[in-house]
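sharing a model prediction with you, sequence too.
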Amino acid sequence: MFVGDYVEFDKDQNVIESVQERKNFTIRPPIANIDKLFIVLAPIPQPDFMLIDKLLVQCQVFNIVPILIVNKKDLATPTFIKDVESQYKSVVKIYKTDIVDTKSIEALKKEIKGNLCVFVGQSAVGKSSLTNILLPNVMREVGQLSAKNNRGKNCTRETVIYNAFGGKIADTTGFSALELPYIQKEQLTDCYLEIKKYSVGCNYNTCNHFGEAENICAVKRAVKEGKIPLKRYQRYLELYKQLKEKQEKKYG
Ligand SMILES: Nc1nc2c(ncn2[C@@H]2O[C@H](COP(=O)(O)OP(=O)(O)O)[C@@H](O)[C@H]2O)c(=O)[nH]1
Ligand SMILES: [Mg+2]
Ligand SMILES: [Zn+2]
């Protein structure tokens, strides 16, 4: 059983009779039937962009719509915002929020309607704070940034779903690391939408978009021309390598 499961419940016997088929589920955080993932990041703590990329891959694999929320915009420099936007604006809708400027959070309500939405992201980026503003009647525990290392501690211990704005919101335990879902390395291209877009121009459909020469690989050309963000491409290569090593270990 997962949080988010739809079940047949026998009220008289007080037992769950069956669990309906899941649209998707993730182990970390443990939750089923997610429609939208609200991926929260902030200038502090410093974003783990690899984590964000992995979450975006997870969304593609599990058929979840990702939404990127740049929280603590009150603390963000224009350079920071530009960096995030230049990396992600072509693949995911981005909202900029600040928990004091509650107007900035209004737009999220429309995204929630009709969907089970889950806040994810590093500890202390403001997931619980955002949930508290959206759900003023259920206060969630808000953590403090640790002054020592600016990393924040993990305050939210369980996953709970709330009804709101014609949809559902779940606040989860934060996490700092994420295993990629089990996919073949070849599938990774499809999960990086901007790479997928340009890969149709590669000369061979077996192109892996790293070892090939630029005149053969349209992805490499697009990176060179700045059409694919370099940092995203570099993390794609890193993930590709990780998946390759995993597969070789398995079938070694
Ligand atoms: N300046 C600023 N601080 C925020 C904002 N959102 C959250 N915080 C602070 O960041 C810290 C961590 O927030 P919390 O909601 O517990 O993060 P979570 O671990 O992601 O649930 C708390 O001290 C919040 O008050 C924001 O928009 N601006
Ligand atoms: Mg929290
Ligand atoms: Zn290629």
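Thanks, I have the structure now. Ligands and ions are numbered 1, 2, ... in the order given.

quick one: V3 and F25 touch, right?
No - in this structure V3 lies outside contact range of F25 using Cβ atoms under 8 Å: 9.6 Å. No exception for glycine: its C-beta is placed from N, CA and C like everyone else's.

give me the common contacts of these two.
Here V3 and F25 share the contacting residues 31-32, scored by Cβ atoms under 8 Å, 6 or more residues apart in numbering.

when the two are compared, which one has more neighbours?
Neighbours per residue, other Cβ atoms under 10 Å: of V3 and F25, the larger number sits with V3, 18 against 15.

partner residues bridging the more buried one?
Here V3 sits in beta bridges with I31, as judged by DSSP bridges.

which residues sit in contact with it?
For V3, the residues meeting the contact criterion (Cβ under 8 Å, 6+ apart) are 30-32, 159-161, 170.

buried only: go through these for me.
31-32, 159, 170 (16 or more other Cβ atoms under 10 Å).

could you pull out the strands in the stretch 1-150 of the chain for me?
Taking DSSP state E, counting those that start in this stretch as the criterion, the stretch 1-150 of the chain contains strands spanning 7-10, 15-19, 25-26, 31-32, 36-41, 65-70, 93-96, 116-120.

just how off-centre is the fourth one within its chain?
When you say that, I think you mean strand 31-32. Here strand 31-32 shows a centroid-to-chain-centroid distance of 14 Å under the convention Cα atoms, centre = their mean, to the nearest Å.

ditto for the first one
How far strand 7-10 lies from its chain's middle: 31 Å, per Cα atoms, centre = their mean.

in its sheet, what does that strand sit against?
With DSSP bridges as the criterion, the sheet partners recorded for strand 7-10 are strand 15-19 (antiparallel).

name the residues of the strand it pairs with that are buried.
Applying 16+ other Cβ under 10 Å to strand 15-19 flags no residue as buried.

check the offset of it from the chain's centre.
Distance, stretch centre to chain centre, for strand 15-19: 30 Å (Cα atoms, centre = their mean).

give me the phi and psi for N63.
phi 60, psi 50 (degrees, to the nearest 10).

pull the helix or strand with minimum mean pLDDT from the protein.
Taking mean pLDDT, DSSP states H and E as the measure, the helices and strands of the chain show their lowest mean at strand 25-26, namely a mean of 71.

residues contacting stretch 191-208, please?
The set of residues external to stretch 191-208 that reach it, using Cβ under 8 Å, 6+ apart, is 53, 56-57, 60-61, 90-91, 183, 185, 189-190, 209, 212, 216-219, 221-222, 227-229, 232-233, 236, 240.

same question for stretch 43-56.
By Cβ under 8 Å, 6+ apart, the residues outside stretch 43-56 that reach it are 37, 39, 41, 66, 68, 72, 75-77, 80, 84, 87-88, 91-92, 120-125, 145, 150-152, 176-178, 180, 191-192, 231-232, 235-236, 238-239.
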